[in-house]
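Peer 1: missing the sequence, but the structure's below:
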């Protein structure tokens, strides 16, 4: 591996580094910028999915999203935990709406898999932005190194939108303090910081697999309460819903039944069906 760095190695090298001694993975499969394989970790068969940052920043296009969704479903059916080695810029925007739609389906598959009891671990590489950060957040646990950065938007995007007063993307210390591995692990007791070495990531993966059989399903009510408490502590309270029927674009008025009452809250349109209505 390059300089014995786990995060700087190739997807195939990362997958091989996680496996038990004396075991080999099944033939690696390539799905665009994704590489996948199965093998034994801590004596249990797992599915490992790794992004290739050398290809379009490891981003998720149509091929990657569809393949990843299939791998999640196969793993859930087979009872195999999933380890995701994520080093990715997010969704591949140069593929347009097709990529966004495919990732939307992937994220739904990820949520369904987690709610269905699929154990999942995210090993965070150097960068984990956009949609990749959403996949990582959905996993039961995340492992970072000091060089890891996880955020919904990358430093350059935050600077472009908020200006230097919000974040100087060239200020390494400021970026690290905001989204670096050491900062991220302080947010959740379940997460872990390790050295950027194959043995360190492997040890973290083995420890997680050994415990994953006892993992409970996510407590959604607790997470919703936690998020609401954090928002209120920062003075962010939800707005009251307002009637948005007149704000609907023409194309939506044509396809949304009259029985659906549309409201707007915090910039989001919410539709609820009137069950007592007989309209189609």
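Peer 2: Noted; the coordinates are in hand. Note that the structure is a prediction, hence the values are computed from the model and not measured.
Peer 1: what residues does whatever helix or strand residue 156 lives in touch?
Peer 2: Per DSSP states H and E, residue 156 falls inside helix 155-162. Applying C-beta atoms under 8 Å, 6 or more residues apart in numbering, the set of residues contacting helix 155-162 from outside is 149, 151, 153, 166-169, 175, 179. Just so you know, the C-beta spots here come from the backbone N, C-alpha and C atoms, and that holds for glycine as well.
Peer 1: what do you get for stretch 229-238?
Peer 2: In contact with stretch 229-238 (C-beta under 8 Å, 6+ apart) are residues 265-266.
Peer 1: quick one: the helices in the stretch 51-200 of the chain?
Peer 2: Listed in chain order, the helices of the stretch 51-200 of the chain (DSSP state H, counting those that start in this stretch) span residues 62-78, 97-115, 131-138, 155-162, 172-179, 181-184, 198-212.
Peer 1: and the first one, what's buried?
Peer 2: Meaning helix 62-78. 62-69, 71-72, 75-76 (16 or more other C-beta atoms under 10 Å).
Peer 1: cool, the fifth one as well?
Peer 2: The neighbour-count check on helix 172-179 (16+ other C-beta under 10 Å) flags 175-176, 178-179 as buried.
Peer 1: from the contact counts, what lies against it?
Peer 2: Using 3 or more C-beta pairs under 8 Å, 6 or more residues apart in numbering; DSSP states H and E as the contact criterion, the secondary-structure elements in contact with helix 172-179 are strand 149-151, helix 181-184.
Peer 1: one more pass at 7 Å, please.
Peer 2: strand 149-151 (3 or more C-beta pairs under 7 Å, 6 or more residues apart in numbering; DSSP states H and E).
Peer 1: tell me what the strand it packs on is packed against?
Peer 2: Counting contacts by 3+ C-beta pairs under 7 Å, 6+ apart, strand 149-151 packs against strand 120-129, helix 131-138, helix 172-179.
Peer 1: how about a cut-off of 10 Å?
Peer 2: Based on contacts counted as 3 or more C-beta pairs under 10 Å, 6 or more residues apart in numbering; DSSP states H and E, the elements that strand 149-151 packs against are strand 120-129, helix 131-138, helix 155-162, helix 172-179, helix 181-184.
Peer 1: what's it in contact with?
Peer 2: Applying C-beta atoms under 10 Å, 6 or more residues apart in numbering, the contact partners of strand 149-151 are 86, 122, 124-130, 132-133, 136-137, 142, 144, 155, 157-158, 175-176, 178-181, 183-184, 191.
Peer 1: may I see the buried residues of stretch 224-243?
Peer 2: Neighbour-count burial for stretch 224-243 [16+ other C-beta under 10 Å]: no residues qualify.
Peer 1: how close does residue 178 get to residue 200?
Peer 2: As defined by C-beta to C-beta, to the nearest Å, residue 178 lies at a distance of 24 Å from residue 200.
Peer 1: what's the local residue count around residue 222?
Peer 2: Here the neighbour count serves as a burial measure; for residue 222 (other C-beta atoms under 10 Å) it reads 9.
Peer 1: correct me if wrong, but it is in a strand.
Peer 2: No. With DSSP: H, G, I helix; E, B strand; the rest coil as the criterion, residue 222 is assigned helix and is not in a strand.
Peer 1: in the stretch 51-200 of the chain, where is pLDDT below threshold?
Peer 2: For the stretch 51-200 of the chain, not a single residue meets the criterion pLDDT under 70.
Peer 1: hmm, back to that, turn the buried residues of helix 62-78 into a markdown table, columns for distance to residue 49.
Peer 2: Conversion of the buried residues of helix 62-78 to a markdown table gives the following (distance: C-beta to C-beta, whole Å):
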| residue | distance to residue 49 |
| --- | --- |
| 62 | 16 |
| 63 | 13 |
| 64 | 10 |
| 65 | 12 |
| 66 | 13 |
| 67 | 9 |
| 68 | 6 |
| 69 | 11 |
| 71 | 6 |
| 72 | 9 |
| 75 | 9 |
| 76 | 13 |
